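Enquirer: missing the sequence, but the structure's below:
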């Protein structure tokens, strides 16, 4: 819905203009500005003595292109802006034909919204609007000749310097901070937001900046978790959540709840984390947002999966159901990467879910099929790291599958471990290589050596010994080294036993 807020002197005229268009009143509401507080979003237009102005879009409902304003209040201009926001450009453009500068800026908005490729970046003038728009297009747009990172940063800094007021300056700062955060410059993104929050004029601006800051702080949380940062993040998320709930902004509230769920999970507060996710899912379901709802189901499935792997096997079923719900939206055809990610987790669940022995072979078949689905997307050539991760998990699953008369599960597992090891080299992924080598050793104990010649058995033991020595060179982790020591002792005992049998 488009909302128009106006003073009493313009209220009757605005209502008459909207009522003059067939059924437009079903899509547009008109309010007296002194009785209602407008939201800060792209769906809000303001009409007053100065003309028509557009609210700054702090809710990310549209591309962050700024239109030159105020715009003269005429029926044509008002209807043109309304139809443009509704996406009816066939009606909007003729109505705005006399506003040449406005149409040029609206063109940028449309091209950015529809991911149309820009042949060249429009030249930035010396005024704030053109510099800000150039920065936004260079940042978010599809350009035949992309603009360099340093040049985009320069445009944003120039826009900050040219901003006519603090609210617009804060708006540019938000998108500049987004660029910095997306390119890994977390430190400068954080500093920029902390500087901008005090001078942002409106509550909507402050909350929008704080919401972005919370996502940056969330990215900073790594093991071992900084307790002070975690407490600051909790307070920030709570402040943002209260604002969005008060404003009945359900989608924004749901995003905050998902972040709060991640923080609670880091803090080992499982029931609290699950509660946040379930509340977010309920909000997104009511707002009829299928893709966002599917993302929330993925988050819930991954959360339950993590806790199931930590010894709470009763959560495997809930994790499976949540991920299968997400897969209804994230299909192989429409979202291949998300589909592959879902299959990857499902295949591990299918290999580990407790069930009757007679059903385990069914779960094993489903698990193997899911692994193969994931590997169809994450190929060795295009996604080597992910390919190696899936191979490692697939190999571990083979060890857990029920024994098959027509298949040597251990041999298949060892082949998959070798596939992973070919990518997880010591010079590039030492930690991952150490863990995969340890998995390889554990799988090797399950190999059936009874029918093998003595030389082959000895070669296997030698291979295991060499891999254990390599793990010692790769890792200083006490837990891993303790497992290596246990394997070495067991290996030594078996070697002595074989020697005595051959002697």
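Expert: On my side now, so go ahead. What you see is a predicted model, and the numbers here were worked out from it, not measured in a lab.
Enquirer: contacting residues around the longest helix along the chain?
Expert: Longest helix in the chain, counting residues (DSSP state H): helix 478-502. Counting by Cβ atoms under 8 Å, 6 or more residues apart in numbering, helix 478-502 makes contact with 434-435, 438, 441-442, 445, 454, 457-458, 461, 464-465, 468, 471-472, 475, all of which sit outside it. Every C-beta, even on glycine, is put in place using the N, C-alpha and C of the backbone.
Enquirer: Farthest pair within those?
Expert: Using Cβ to Cβ, the pair of the contacts of helix 478-502 lying farthest apart is 454 and 475, separated by 32.1 Å.
Enquirer: of the two, who's got more company?
Expert: Relative neighbour count places residue 475 above the other of residue 454 and residue 475, with 19 against 11, counting by other Cβ atoms under 10 Å.
Enquirer: shouldn't the more buried one be in contact with residue 431?
Expert: Yes: with contact defined as Cβ atoms under 8 Å, residue 475 counts as touching residue 431 (7.1 Å).
Enquirer: what's near enough to touch residue 66?
Expert: With contacts defined as Cβ under 8 Å, 6+ apart, the neighbours of residue 66 are 105, 128, 129, 132, 133, 168, 171.
Enquirer: let's see it at 6 Å
Expert: In this structure, residue 66 makes contact with 129, 132, judged by Cβ atoms under 6 Å, 6 or more residues apart in numbering.
Enquirer: part of a strand, is it?
Expert: No: with DSSP: H, G, I helix; E, B strand; the rest coil as the criterion, residue 66 is coil rather than part of a strand.
Enquirer: which stretches of the stretch 351-500 of the chain form helices?
Expert: Taking DSSP state H, counting those that start in this stretch to define them, one finds helices in the stretch 351-500 of the chain at 357-377, 384-400, 409-423, 430-444, 454-474, 478-502.
Enquirer: before we move on, the earlier item: quick one: the longest helix of the chain to chain centroid distance?
Expert: Helix 478-502 has its C-alpha centroid displaced from the chain centroid by 44 Å (Cα atoms, centre = their mean, to the nearest Å).
Enquirer: okay, now the nearest residue to residue 373 once chain neighbours are set aside: neighbour count?
Expert: Excluding the flanking residues, the one nearest residue 373 by Cβ to Cβ, 6 or more residues apart in numbering is residue 343, at 4.2 Å. Residues contacting residue 343 under the criterion other Cβ under 10 Å number 26.
Enquirer: in the helix or strand harbouring residue 343, what counts as buried?
Expert: When secondary structure is defined using DSSP states H and E, the element that contains residue 343 is helix 336-352. Buried residues in helix 336-352, defined by neighbour count with 16 or more other Cβ atoms under 10 Å: 338-352.
Enquirer: quick one: that helix to chain centroid distance?
Expert: 17 Å.
Enquirer: Please apply the same query to stretch 21-29.
Expert: 36 Å.
Enquirer: Ends of that stretch, what's the gap?
Expert: 13 Å (Cα to Cα, to the nearest Å).
Enquirer: Quick check: buried residues in it?
Expert: For stretch 21-29, a neighbour-count test (16+ other Cβ under 10 Å) marks 24, 28 as buried.
Enquirer: related to what we said a few turns ago, dump the residue contacts of the residue nearest to residue 373.
Expert: Taking Cβ under 6 Å, 6+ apart as the definition of contact, the neighbours of residue 343 are 370, 373, 374.
Enquirer: How many residues are close by the first one?
Expert: Under the neighbour criterion other Cβ under 10 Å, residue 370 is assigned a count of 23.
Enquirer: likewise the last one?
Expert: Using other Cβ under 10 Å, the number of residues around residue 374 comes to 23.
Enquirer: same deal with residue 446?
Expert: Number of residues near residue 446 (other Cβ under 10 Å) recorded here: 13.
Enquirer: which residues sit in contact with it?
Expert: Under the contact definition (Cβ under 6 Å, 6+ apart), the residues listed for residue 446 are residue 410.
Enquirer: try residue 338
Expert: residue 330.
Enquirer: can you pull the pLDDT of it?
Expert: Residue 338 carries a pLDDT score of 92 in this model.
Enquirer: do residue 450 as well
Expert: In the prediction, the pLDDT value recorded for residue 450 is 56.
Enquirer: Now do residue 399 against residue 417, distance only.
Expert: Computed as Cβ to Cβ, to the nearest Å, the residue 399 to residue 417 distance reads 10 Å.
Enquirer: So for these two, which sits in the more crowded spot?
Expert: Summary of the neighbour comparison: residue 399 and residue 417, criterion other Cβ under 10 Å, with residue 417 having more neighbours (27 against 17).
Enquirer: element containing the one residue sitting closest to the centre of the chain, please.
Expert: The centroid of the chain falls nearest to residue 295 when counting by Cα atoms, centre = their mean (8.4 Å). Residue 295 belongs to helix 290-309 when elements are defined using DSSP H and E.
Enquirer: For the protein, which element, helix or strand, carries the lowest mean pLDDT?
Expert: In the chain, no helix or strand scores lower on mean pLDDT, DSSP states H and E than helix 357-377, which sits at a mean of 75.
Enquirer: what about the strands in the stretch 1-150 of the chain?
Expert: Applying DSSP state E, counting those that start in this stretch to the stretch 1-150 of the chain gives strands spanning 2-6, 28-32, 44-48, 51-54.
Enquirer: TSV please, covering those strands and showing mean pLDDT.
Expert: Rendered in TSV, the data for the strands of the stretch 1-150 of the chain read as follows (pLDDT from 0 to 100):
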stretch	mean pLDDT
strand 2-6	94
strand 28-32	94
strand 44-48	95
strand 51-54	94
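Enquirer: if we can go back for a sec, which of the contacts of helix 478-502 count as buried?
Expert: Neighbour-count burial (16+ other Cβ under 10 Å) is assigned, among the contacts of helix 478-502, to 434, 435, 438, 441, 457, 461, 464, 465, 468, 471, 475.
Enquirer: Of those, which is the nearest to residue 155?
Expert: Distance ranking of the buried ones among the contacts of helix 478-502 against residue 155, using Cβ to Cβ, places residue 435 first at 44.3 Å.
Enquirer: For that closest one, give me the pLDDT.
Expert: You'll see residue 435 listed with a pLDDT of 94.
Enquirer: okay, and for the protein, where does confidence drop off?
Expert: 355-363, 403-407, 448-455, 498-503 (pLDDT under 70).
Enquirer: I'd like the distance between residue 212 and residue 255.
Expert: Between residue 212 and residue 255 the computed distance is 11 Å (Cβ to Cβ).
Enquirer: Does residue 62 touch residue 41 like I think?
Expert: No: with contact defined as Cβ atoms under 6 Å, residue 62 does not count as touching residue 41 (8.4 Å).
Enquirer: Which one's more surrounded, these two?
Expert: Set residue 62 next to residue 41 and count neighbours by other Cβ under 10 Å: residue 41 wins out with 18 against 15.
Enquirer: so what's that one up against?
Expert: 57, 59, 61.
Enquirer: do you know which of the strands of the stretch 1-150 of the chain lies nearest residue 204?
Expert: Between residue 204 and the strands of the stretch 1-150 of the chain, the shortest gap by Cβ to Cβ is with strand 44-48, which sits at 10.4 Å.
Enquirer: Can you spell out which helices and strands pack onto that closest one?
Expert: Applying 3 or more Cβ pairs under 6 Å, 6 or more residues apart in numbering; DSSP states H and E, one finds that strand 44-48 makes contact with strand 2-6.
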